Each structure stands twice: as structure tokens, then as C-alpha cells.
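> Sharing a sequence plus its predicted fold:
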Amino acid sequence: MKNSTLNRRQFLKIAAAGSVVAALPFGTIHAETSLQNVHIVIMGCGLAGLAAAHRLRRRMPNAQITIIDGKREHHYQPGFTLLATGVWHNAQKVKADNAKLIPHGVKWLPETVLEIEPDNQMIITHSGKVHYDYLIVATGLRLGYEKIDGFEITALGQKGLGSVYYSPEAATATWQAMDIFRQKGGRAVMTLAPTDMKCAGAPLKMTFMVADRIRQAGTTNNSQIDFFAPKTAIFSVKPVADKVLELWQTLEVPPQVHYHHELAAVDMDKQIAYFRLPETGGETAEQYDFLHIVPPMFAPDVIFNNNELANENGWLNVHTETLQHKKYPNIFGLGDVNGTPRGKTAATVKKSTPVVVHNLIRVINGQAPDALFDGYTSCPMLVREGEAMLVEFNGKGELTPTLPLVDPLQPSYFAWYLEDVMLKPAYMTVLRGRA
Ligand SMILES: Cc1cc2nc3c(=O)[nH]c(=O)nc-3n(C[C@H](O)[C@H](O)[C@H](O)COP(=O)(O)OP(=O)(O)OC[C@H]3O[C@@H](n4cnc5c(N)ncnc54)[C@H](O)[C@@H]3O)c2cc1C
């Protein structure tokens, strides 16, 4: 705790004064109200879709709003990291019922969208077609585990296999594998995706925490940690990447970083991970006792396969600042599906939802969008049990700290407390369109 900028006592003083909640990295733009009678369809009932639905319901009392998503259970995904590292032990803590989260007066169609016909303003599901006047695409992203040959998602938790991203159950299974690993120690192989990722800090948090768990278990002498990155960086914001690498060197088992290594396949029985070496065209085989898999991530097929809607990388082709679609002005994008730099976090959704709702209402009222999103995102980077760094940055990769007394590149108990205790209530406030 000696490196902290804010120790536990200082933090509790500030919290008692009430400034912590006010200072949470979460601010506002107030959307205009519109009495127009239009049909707005929201695709996706995750954080982004629900946050937009709540705001629009209040701002557009006469609009017909439909949210379409076949998923019935809502997941508080930032909690997956806490489950996967043994900080939280109850998977129920990250689950909620979508039926209870959808605002009154918003119609829910519990189906998956199969296709969008943007020229006809039509959504196609198994049961038929839905016409929209305006569309918000908030489908999140797709985890491409099928790109890793030999890997089966059902094997998570067994034979040293972990992956924080997939589900509450997968996160719990990841902790089971990490817990067994730390008792004996051995070789932990940590990976990174070759694509854009949601919460790109999560693989780094997993690495810090596996190091801390073997330290706590007293098995550092038998242990080695290797971190394999597909490109030349472990994180796209350089000051953060540099700080993480610096901190890794201070750990009892410093992770060894190997660049230009892309996870290609796993032999789950023999516990061998195979990496492509894009630079040389070669391949390498790495034995592991614990493997953390970060799959490649893509926009869901309904966007990825739609040339009118997707950009060259398959993400929704929106203007970076207004989040309006580049070709279809009656379509906006929100959340992980957007082809915007860096921002695939809940914090991004918090900052961008008021922008999208405001701009959409302006378009409905025949005006040009005028609210601009700066690409803000944030991530409490767990460094060890009881310490984290509250990293905040914008779409240009510049650090944008918002909290007084908190150095974004210094581990603190405050940032840990934020992730462990305060982030979920803040997330629920965003989801209800109140932040
Ligand atoms: C392990 C992990 C740790 C994280 N940690 C943090 C953190 O510390 N801080 C932070 O700010 N963020 C964090 N995040 C990121 C954050 O959770 C996401 O960025 C956020 O949930 C994105 O919201 P979304 O609505 O865009 O996507 P989601 O919440 O994923 O929702 C997308 C919804 O769209 C639906 N959908 C998909 N395809 C279709 C279709 N064809 N038709 C209809 N519906 C469809 C899905 O069923 C889903 O319900 C973390 C995420 C993970 C996985």
C-alpha cells in the first residue's frame, strides 16, 4: 500500500464527505425533449440498449419504442473479472432479469435480429419484419472462440483453462482453474486478442491477479508467467502500457512479455497452446499449467456481414464524434458494436448515451446532430488484491483523469474500492439512464 496516492484512511475520509459518488467518472448532457410520434427500434438489451431506452422513454413520451433482443438474462460484465480472480464468489451478483430492467412503456421483442435492410428501414427476425423510423444499434460484440482450434468453451475450469469474457459461469470456472494452479504454481500463459477488445484492460488485470494469487499461496518459487501479445503493445494507451510493464517488473514473478504471438490453437489434453508468429509466418508451442484465453472479437454477424452498415473491419460504421451512421442518418450506434477507437467499456456507454439520445432527437426534429463524444473510457486496473489504478483516457489515447487526488498511474485502495464496491451501483445508474 505504500505506493498509493490515496491510502485507505484518506479515502474513507473523502468517502464520508460524500465526494466519492460525486466524483465517479460518470457526467452528463441533457437531451432535448420531443413530442414526435415515431417508431424507434433499439437492437440489443445490454447496457447500451437499456440506457438508451430509459433516456428516450423520458425524453420522447409520444414515441413508440421497441427493444429487440432474445437474451433474457442481463450480465454485469465488469463483475466477471472479480469472479474470475476469486474476489467475488457469488455469480448471482452479476445477473439480472432483463424483463425487470426494460422501462415501462417500451415494447420488448425477445428475438434475435437476423438481418437489417437499411434502405427499407426494416428489421428481420425469425417471426417476421419490423419497420423502424429510427434505429439504435446496440448489439455489443461477438466473442470469436471458434477461431482458436481445439478449444471448447465447456472445458473452461478444467485442466488449467480460463477465460474471463464469456459468461458468469465461465468466469467462475476460470477462478476454479486459477485456484488449483496457484496451490502448486507452474507456468501461466496469458494471451491477448489480435482484434479490438471490450475492456482491453481485463487481460492485464487477470495477469496482475494471477501473480498476486501465487504470491499469496507461497508458490512463486515454482512459477513463471508469460504474456503473449499479437502486436507490439500490451495496451493501446502508451503511458498505461508503460506503467503496467514497469509494475510487472516489480512483482515476485515478473511476467515475461512476448510480442508478435497470436493464439491459434490449444491441445486441451496435453495443455499446449499454439501461437502463430505473424512476423515470420512460423508457429510456436507453449506448455502451460494455466492458460488465459482472450478470443478475437467481432461485431455480431448481423452487422459484420452487412456491407452497407459495417466499416472495413466489420464494426458499425459511425461518425466517431456524433455516433450517427455514416451512410444512414436515421441510424445511430451505441456501445461495443461501434467502429470507434478504443471505447469498448461501460464507461464509454455512460459518456456516449446522452450524446446519442440528444443527437437522435435533433435528427427526429429535423436538425443536425451537435453533441460530440470524445471517446472517453475508463478502467479500474486491478494491480493486486486491495489495489488498482483508475485509468481514464479519450479516443486519442490521452489520459483524462477526472478525480481529484487520484493519480491515474498510481495504484490506490480507492481505485480498488471503486471496482469492488462502487462500480456496480454506478453501472446500474447508467443503465437506468440517470447518469
Ligand atoms: C470481463 C469483462 C470486464 C469488463 N470490465 C469493465 C470495466 O472494468 N469497466 C468498464 O467500463 N467496462 C468493462 N467491461 C465492458 C462492458 O461490460 C461493456 O463494454 C458493456 O457491457 C457494453 O455494453 P453493450 O450494450 O454495448 O453490449 P452488451 O452489454 O454486451 O449487450 C449487447 C446485447 O446485444 C444483444 N444482441 C447481440 N446481437 C443481437 C442481435 N442480432 N439481435 C438482437 N440483439 C442482439 C446481446 O444479446 C446483448 O444482450 C468489461 C467487460 C468484460 C467482458
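Everything's here; your move.

> OK, contacts around the closest residue to His319 other than its chain neighbours?
In this structure, His319 finds its nearest non-sequential neighbour in Lys326, 6.0 Å apart by CB to CB, 6 or more residues apart in numbering. The way it works is simple: take the backbone N, C-alpha and C, and place the C-beta from them, glycine included. By CB atoms under 8 Å, 6 or more residues apart in numbering, Lys326 lies in contact with Asn317, Val318, His319.

> Could you report the separation of the second one from Ile136?
Yep, that's Val318 we're talking about. 11 Å (CB to CB, to the nearest Å).

> Same check on Pro295?
Pro295 sits at a distance of 26 Å from Ile136 (criterion: CB to CB).

> out of those two, which sits in the busier spot?
Residue environment comparison for Pro295 versus Ile136 gives the larger neighbour count to Ile136, 28 against 23, counting by other CB atoms under 10 Å.

> can you pull the contacts of the residue of the stretch 51-200 of the chain at minimum distance from the ligand?
Residue nearest to the ligand within the stretch 51-200 of the chain: Gly140 (2.8 Å; CB to the nearest ligand atom). For Gly140, the contacting residues are Gly44, Gly46, Ala48, Lys198, Pro300, Gly335, Asp336, Val337, by CB under 8 Å, 6+ apart.

> any chance of those residues in TSV, with neighbour count and pLDDT too?
Rendered in TSV, the data for the contacts of Gly140 read as follows (neighbours: other CB atoms under 10 Å; pLDDT from 0 to 100):
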residue	neighbour count	pLDDT
Gly44	24	98
Gly46	24	98
Ala48	31	98
Lys198	19	96
Pro300	20	98
Gly335	30	98
Asp336	31	98
Val337	30	98
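
> Just the pLDDT for the spatially closest residue to Tyr288 that is not a sequence neighbour.
In this structure, Tyr288 finds its nearest non-sequential neighbour in Val189, 4.0 Å apart by CB to CB, 6+ apart. Per-residue pLDDT puts Val189 at 98.

> Render the CA-only coordinates of whichever strand or helix holds Met206 in PDB, please.
Secondary structure here is read from DSSP states H and E; on that basis Met206 sits in helix 202-217. Listed in PDB are the C-alpha atoms of helix 202-217, where the atom choice follows Å, rounded to 0.1, in the frame of the first residue of the first chain:
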ATOM      1  CA  ALA A 202      -9.200  -7.200 -18.400                       C
ATOM      2  CA  PRO A 203      -6.300  -9.500 -19.700                       C
ATOM      3  CA  LEU A 204      -3.800  -7.200 -17.800                       C
ATOM      4  CA  LYS A 205      -5.900  -7.400 -14.700                       C
ATOM      5  CA  MET A 206      -6.000 -11.200 -15.000                       C
ATOM      6  CA  THR A 207      -2.200 -11.200 -15.200                       C
ATOM      7  CA  PHE A 208      -1.700  -9.000 -12.200                       C
ATOM      8  CA  MET A 209      -4.100 -11.100 -10.200                       C
ATOM      9  CA  VAL A 210      -2.700 -14.500 -11.100                       C
ATOM     10  CA  ALA A 211       0.700 -13.100 -10.000                       C
ATOM     11  CA  ASP A 212      -0.900 -12.000  -6.700                       C
ATOM     12  CA  ARG A 213      -2.600 -15.300  -6.100                       C
ATOM     13  CA  ILE A 214       0.600 -17.300  -6.500                       C
ATOM     14  CA  ARG A 215       2.300 -14.800  -4.200                       C
ATOM     15  CA  GLN A 216      -0.400 -15.300  -1.600                       C
ATOM     16  CA  ALA A 217      -0.300 -19.000  -2.000                       C
END
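
> Quick one: list the elements packing against that helix.
Counting contacts by 3 or more CB pairs under 8 Å, 6 or more residues apart in numbering; DSSP states H and E, helix 202-217 packs against helix 78-84, helix 168-184, strand 187-191, strand 224-228, helix 238-249, strand 290-292, strand 377-384.

> Output these as TSV; include the columns distance to Gly433 and mean neighbour count.
Formatted as TSV, the entries for the helices and strands packed on helix 202-217 read as follows, by distance: least, CB to CB, whole Å; neighbours: other CB atoms under 10 Å:
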stretch	distance to Gly433	mean neighbour count
helix 78-84	18	25
helix 168-184	24	20
strand 187-191	36	25
strand 224-228	38	21
helix 238-249	30	17
strand 290-292	34	27
strand 377-384	19	26
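
> could those go into CSV alongside distance to Val357?
Compiled in CSV, the helices and strands packed on helix 202-217 are given as follows (distance: least, CB to CB, whole Å):
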stretch, distance to Val357
helix 78-84, 23
helix 168-184, 29
strand 187-191, 37
strand 224-228, 39
helix 238-249, 30
strand 290-292, 37
strand 377-384, 19
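
> Averaging pLDDT over each of these, report the lowest-scoring one.
The bottom spot among the helices and strands packed on helix 202-217, by mean pLDDT, belongs to strand 377-384, with a mean of 92.
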